[in-house]
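turn this into a model:
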Amino acid sequence: MLNSDQTDIDLPPTHSESESIFSDCGRAGGPEDAGGVGLCAQSRVAEAGEAVKKDLQHLSREERRRRRRATAKYRTAHATRERIRVEAFNMAFAELRKLLPTLPPDKKLSKIEILRLAICYISYLNHVLDV
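Residues are numbered from 1 along each chain as shown. Okay, here's the model as predicted:
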């Protein structure tokens, strides 16, 4: 039994419900239906896609976004974009590090040390220009 907060869309479909959606599409057994990829199978996929769209329409924008982000395809694409962003960030720090004078010149610096050294070096250069 459903309470006022639940809808039948929130419940997982039972076997009989999925059969009722596709009951008008029987197996013809013709050559176009070999392997289950004939017109009947295509119409089942299209109807299922429309059913999913109808199911998602009642969800809030935030819930649809949350569900989309939960897919493996989205996660791998996001991980790839994040990896590219971090690599670009690290390359920018490496370029900045090359411009800063330190003793010894090949001393390894953390990102915060690079930023602080850059601030000091810029203020020193401003001081030299003002004198």
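
the helices in this structure, which residues?
Secondary structure of the chain (DSSP state H): helices at 15-21, 39-57, 61-69, 72-99, 111-130.

now those as a markdown table including mean neighbour count?
Backbone N, C-alpha and C define where each C-beta goes, glycine included. Compiled in a markdown table, the helices of the chain are given as follows (neighbours: other C-beta atoms under 10 Å):
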| stretch | mean neighbour count |
| --- | --- |
| helix 15-21 | 11 |
| helix 39-57 | 12 |
| helix 61-69 | 10 |
| helix 72-99 | 11 |
| helix 111-130 | 11 |
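
with distance to residue 105 and mean pLDDT added, can I get these in a markdown table?
Formatted as a markdown table, the helices of the chain follow (distance: least, C-beta to C-beta, whole Å; pLDDT from 0 to 100):
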| stretch | distance to residue 105 | mean pLDDT |
| --- | --- | --- |
| helix 15-21 | 69 | 45 |
| helix 39-57 | 58 | 65 |
| helix 61-69 | 45 | 85 |
| helix 72-99 | 9 | 95 |
| helix 111-130 | 12 | 96 |
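
assess the claim that residue 117 and residue 103 are in contact.
No: taking contacts as C-beta atoms under 8 Å, residue 117 lies outside contact range of residue 103: 11.6 Å.

many thanks, we can stop here.
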